[in-house]
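> Sequence and predicted model, in that order:
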Amino acid sequence: MGKMTKHIHTGLILLVMLIFSCVNQTNENKGKVEDESISNQQSSSPQKIMDTTDDVIAKIKYETNSSIDFDSQISEHSDTHTDTLTANEKTTESVSEEKITIAEMYQHFEKSPQLFTIPIDRDTIIECSEGTTIRIPANSFIIESNGVPAGRSVEISVKEYYDLSDMILANLSTMSGDEILETGGMIHISANSNGENCILKKGREIEIGFPNISEKEDMQLFSGDWKNNNIDWTPMLPSDDTITSIPTRQVQPELEVFTVVEQMPSFPGGGEALDKYMVQNMQYPFSALDKQIQGTVYVTFIVDESGLITNPRVVRGVDAALDKAAFDAINNMPAWNPGKLGNNPVPVQFTMPVTFILDGINPTEKVIFEAKEYEEKIESINVIYSNDDLGTYGKEYQEEFERQVEEKGIQSTGVSQINRYLFSTSQLGWINCDIFLRDRRPKIDYFVQTIKTEETFVKVIFHSVRVILYGIPRDDNYFFRDVPKGEKVTIIAFRNENEKLLLAVKESIITKNGETDLDFQPVTLAKLKREMRKIKSLN
């Protein structure tokens, strides 16, 4: 009995020690979690968030279920991403391929959202896996149901749709009423705090950067609403102080552009004249002053053989208002003295950082500029809002800028980083970067003949531009209104028959004769993926 009692006591001691150890470990883990300011809940490829509070932007790499230190540094964003087709590769065969409805098919290929938890009180930049960037100013969100400011953190959910195959598998299209749109990409954004849906506070905007997919100017934002199983896009009408876009111009690929030549381009009258031009043509935007926003906007441009400023682009932005102020000032510059190679004028590329600094803010103060030319042939314009003498800051900011240029490799910035569309919006939800289709060919009504059922969906994909149209059912036809005659298209049609998924895919030409010969065949999800990969490569 004594031995048994001893064993029982020993067992109780071990049990107590085990419980204490577990509790202690739990508290340690809890402490760690509380110390982490951001955690990424996305289960696919790494994402990035950038905290823009400090002068030097800290770039944060997000690994699966990892926690983040805002002071850490990472390498530049990779172009690799996981699309809908790849993300569902492993699970396709687990879904019954004998009996599946169209709704179940769409559900199966639905994209998983990328989730980011951000602090509410700090300016943050999110970079998503397919290249979308979202800049979110501090204290921008309120609870939709009661208008109360969001809690300490907000979870941002993002879905990206840049591949045509992804759009088709999400039942997306490019129509604004009866008008045809050419898309540069679609995203869906939502936000919540403690399980409550959030919206942007009145007067607050987020800045969205779309990768330059379609290489068209005059892109604009559209918001999407679902009607009768199809999405309809409506142009976003900006408020008076909203910058909706910054034009992106494409460099002609056959144009040889130099960065170092025997005689570099120069502003007429030299540095002092450039200072004077900037003083007269750029002011610190009021909206940025009101929001206490500062930072450096990098604008790249080419001084062509005639000395004209061409192809200006915002390489790296800070805020929509600051970006546009810098862009407009450079875009409207008078002709420079062109650079020369030998005795021949040649186009020369510059990257000009325009730094907006809030220092002892005094709204009545005049904005002061200083222009400096660096050994790397980069022009720096420091926009200083201060009571202090400019000389106090000139050398300090020159040294800091040169250090950042060397650290960030501005001169080696690739085309993929330069080419992007920047927009500001006060809306979340479905957002489309589009332009109304400009096609001078005659327009006709095109039809696809097939049996009309509630479980039939017919879409047409253009080959020349990024357009997806949905057919309007009428009798045994699906109509497409006012489409360009002669356009080469691919028809994609889904139908359910006896709970089986049928697919028809056919290339056609837009003519008045329409298309009457669709061949529907049973399709597995695996085969459907293969067909979608063909669509992905259309344009």
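It's in.

> Which residue ranges of the protein form helices?
2-35, 84-87, 102-108, 164-169, 270-281, 286-290, 320-331, 390-408, 415-418, 525-536 (DSSP state H).

> Any idea which of those has the lowest pLDDT on average?
Looking at the helices of the chain, the lowest mean pLDDT belongs to helix 415-418 (a mean of 35).

> Report the residue ranges of every domain in this protein.
47-80+111-247+423-433, 270-417, 441-536 (automatic domain parsing).

> and the ones you listed as CSV, adding distance to Met105 and mean neighbour count?
Every residue, glycine included, has its C-beta placed from N, CA and C. Below are the domains of the chain laid out as CSV (distance: least, CB to CB, whole Å; neighbours: other CB atoms under 10 Å):
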stretch, distance to Met105, mean neighbour count
domain 47-80+111-247+423-433, 8, 18
domain 270-417, 33, 17
domain 441-536, 6, 17
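
> Would you convert those domains into CSV that also reports distance to Ala103?
Below are those laid out as CSV (distance: least, CB to CB, whole Å):
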stretch, distance to Ala103
domain 47-80+111-247+423-433, 10
domain 270-417, 37
domain 441-536, 9
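
> which of these has the lowest average pLDDT?
What stands lowest among those, in mean pLDDT terms, is domain 270-417, with a mean of 65.

> so which of the domains of the chain gets nearest Ile100?
Ile100 sits nearest to domain 441-536 of all the domains of the chain, at 5.1 Å, using CB to CB.

> what's the closest of the domains of the chain to Thr101?
Short answer: domain 441-536, nearest of those by CB to CB, at 5.5 Å.

> measure that closest one end to end?
End-to-end distance for domain 441-536: 25 Å, by CA to CA, to the nearest Å.

> now swap in stretch 508-519 and tell me
Terminal-residue distance, stretch 508-519 (CA to CA): 13 Å.

> now stretch 167-179
18 Å.

> Nearest to Glu104 among the domains of the chain would be which one?
Each of the domains of the chain has some distance to Glu104 by CB to CB; the shortest is domain 441-536, at 8.4 Å.

> hang on, the earlier thing: which stretch among the domains of the chain approaches Ile102 most closely?
Among the domains of the chain, domain 441-536 sits nearest to Ile102 (CB to CB), with 5.2 Å.

> Provide a list of residues in contact with Pro338.
265, 303-307, 345-346, 348 (CB atoms under 8 Å, 6 or more residues apart in numbering).

> Which pLDDT value goes with Glu98?
56.

> re earlier: ok, the contacts of Pro338 vs Met175, which is closest?
Closest approach between the contacts of Pro338 and Met175, by CB to CB: Asp304, at 38.9 Å.

> Roughly how far does that closest one sit from Pro353?
Taking CB to CB, to the nearest Å as the measure, Asp304 and Pro353 are separated by 21 Å.

> go on, Tyr446?
In terms of CB to CB, Tyr446 sits 50 Å off from Pro353.

> Over to Val279?
Note on Val279: its distance to Pro353, by CB to CB, is 17 Å.

> Repeat that for Leu525.
The gap separating Leu525 from Pro353 is 50 Å, by CB to CB.

> okay, Pro265: pLDDT?
83.

> OK, contacts around it?
Taking CB under 8 Å, 6+ apart, one finds 303, 307, 336-339, 348, 350 in contact with Pro265.

> for Tyr478, same thing?
Contacts of Tyr478 by CB under 8 Å, 6+ apart are 447-448, 450, 452, 456, 458, 471-472.

> Which residue, other than its chain neighbours, is closest to it?
Spatial nearest neighbour of Tyr478, chain neighbours left out: Gly471 (2.9 Å); criterion: CB to CB, 6 or more residues apart in numbering.
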